[in-house]
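Colleague: please work out how this folds:
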Amino acid sequence: MTADLSTAIGLGGAEPAIGGSQRGHVATKPPALQMSGSRWSTMKKGAGIYFGITLKDEGSAYAKALMRHYLLGGGSEFNPEKSSVNFPTDAMWSRFMAGRPEIQRAMESELAVLAKNAAKAGGVDGTVDASVKKVRLSELESMRWTLHGCHRIDVSASFKIEQDRAGKIVTFTALKFHWIDVGDMHPGTLTQTDSGDTVDDAEFTHAGASFPIDIPFAASGVSTWRVEGDVSTHLGGWPRPSEATSTRHRGRP
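Modeller: From the prediction side, this is the model:
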């Protein structure tokens with residue numbers, strides 16, 4: 001996993017020799033530099049994602065890790081708990097994912113349902129498992145390019161139930177998740193950048209290749225809910241969702 005990424009995607013590196021020889025003259029520019037202005041501009045945007053040059057949002061390092069695996073992983077599964085052996089910064093994925101407001105909003109809705117179901121089932125403690133679909137990371141440009149939409153998020157947690165005057169208090173602990181997806185590029189699919197421009201997946205080297213993604217992450221602390229009849233109210237703890245900040249998207253406009 002020490003390959004040079006600029007070589008791997010055909011950007012940068014040594015220039016090719018004319019006629020296969022380097023004797024007595026300077027090599028010409030690589031063909032990529034001779035593309036039309038619009039296509040070359042698009043490729044430069046893509047290079048920014050690969051190398052973290054143009055993307056400076058909080059997901060940039062994680063987008064770069066996915067692109068690294070896209071190019072060098074040979075189609076194997078991307079799991080940051082495993083890749084962190086060779087790339088220590090991949091251990092930060094859990095904190096990043098648990099902190100995304102898009103995920104927190106989706107989990108707030110799901111935990112409200114799980115709390116209500118747990119309260120109705122009776123008992124004082126137990127575990128829950130669920131799968132949540134149609135979660136999209138669209139607020140960061142880096143995530144629109146890479147981890148834009150999951151097949152599902154698998155959820156597991158333990159819970160404890162207490163009675164109070166207004167109803168039942170459900171407290172979730174050991175909240176664990178798996179983001180399950182397939183990383184791929186589809187020629188014809190457009191991604192909007194923060195500047196408002198659109199870029200086609202076809203501009204990426206190896207467009208169309210794919211690899212499975214399993215990103216485990218966990219929420220710190222607890223999530224506490226009050227259940228009164230059919231109403232679940234979040235009392236505190238995780239999640240703490242915030243408002244969306246992006247109107248951009250990935251897909252066909």
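
Colleague: look up how far Ile215 lies from Lys120.
Modeller: Relative to Ile215, Lys120 is positioned 32 Å away (CB to CB, to the nearest Å). In short, each C-beta sits where N, CA and C put it, glycine included.

Colleague: what about the closest residue to Lys134 other than its chain neighbours, neighbour count?
Modeller: Nearest residue to Lys134 in three dimensions, chain neighbours excluded: Gly149, at 7.6 Å (CB to CB, 6 or more residues apart in numbering). Burial of Gly149, expressed as a neighbour count using other CB atoms under 10 Å, amounts to 17.

Colleague: over to Gly149: give its phi and psi.
Modeller: Here is the backbone geometry of Gly149 (degrees, to the nearest 10): phi -150, psi 130.

Colleague: tell me which of Lys120 and Ile215 has more neighbours.
Modeller: Ile215 (23 against 11).

Colleague: beta partners of the more buried one?
Modeller: Ile215 has these beta-bridge partners by DSSP bridges: Trp179.

Colleague: ditto for the one 10 residues further on
Modeller: For Trp225, the beta-bridge partners under DSSP bridges are Val170, His234.

Colleague: on the three-state scheme, Ala112 is what?
Modeller: Secondary structure for Ala112, judged by DSSP: H, G, I helix; E, B strand; the rest coil, is helix.

Colleague: find the nearest non-adjacent residue to it, please.
Modeller: Once flanking residues are discounted, Ala112 sits nearest to Ser232: 4.0 Å by CB to CB, 6+ apart.

Colleague: quick one: pLDDT of Lys116?
Modeller: Looking at Lys116, its pLDDT stands at 96.

Colleague: in the protein, what residue spans correspond to strands?
Modeller: Along the chain, the segments classed as strands by DSSP state E run 125-132, 152-164, 167-184, 190-192, 198-200, 210-218, 223-228, 231-237.

Colleague: check which residues of the third one are buried.
Modeller: Residues of strand 167-184 classed as buried: 167-172, 175, 177-181, 183 (neighbour count, 16 or more other CB atoms under 10 Å).

Colleague: just the last one next, same as before
Modeller: Of the residues in strand 231-237, those scored as buried under the neighbour-count criterion (16+ other CB under 10 Å) are 232, 234, 237.

Colleague: give me the number of residues near Val113?
Modeller: A total of 13 residues lie near Val113 under the criterion other CB under 10 Å.

Colleague: and Gly122, by the same measure?
Modeller: The number of residues packed near Gly122 is 9, by other CB under 10 Å.

Colleague: just to revisit the earlier point, residue contacts, the residue nearest to Ala112?
Modeller: Residues near Ser232 by CB atoms under 8 Å, 6 or more residues apart in numbering: 111-113, 115-116, 170, 225-226.

Colleague: dump the residues you listed into JSON lines; add distance to Ser131 as well.
Modeller: What follows is the contacts of Ser232, written out as JSON lines (distance: CB to CB, whole Å):
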{"residue": "Leu111", "distance to Ser131": "14"}
{"residue": "Ala112", "distance to Ser131": "16"}
{"residue": "Val113", "distance to Ser131": "12"}
{"residue": "Ala115", "distance to Ser131": "17"}
{"residue": "Lys116", "distance to Ser131": "17"}
{"residue": "Val170", "distance to Ser131": "20"}
{"residue": "Trp225", "distance to Ser131": "20"}
{"residue": "Arg226", "distance to Ser131": "25"}
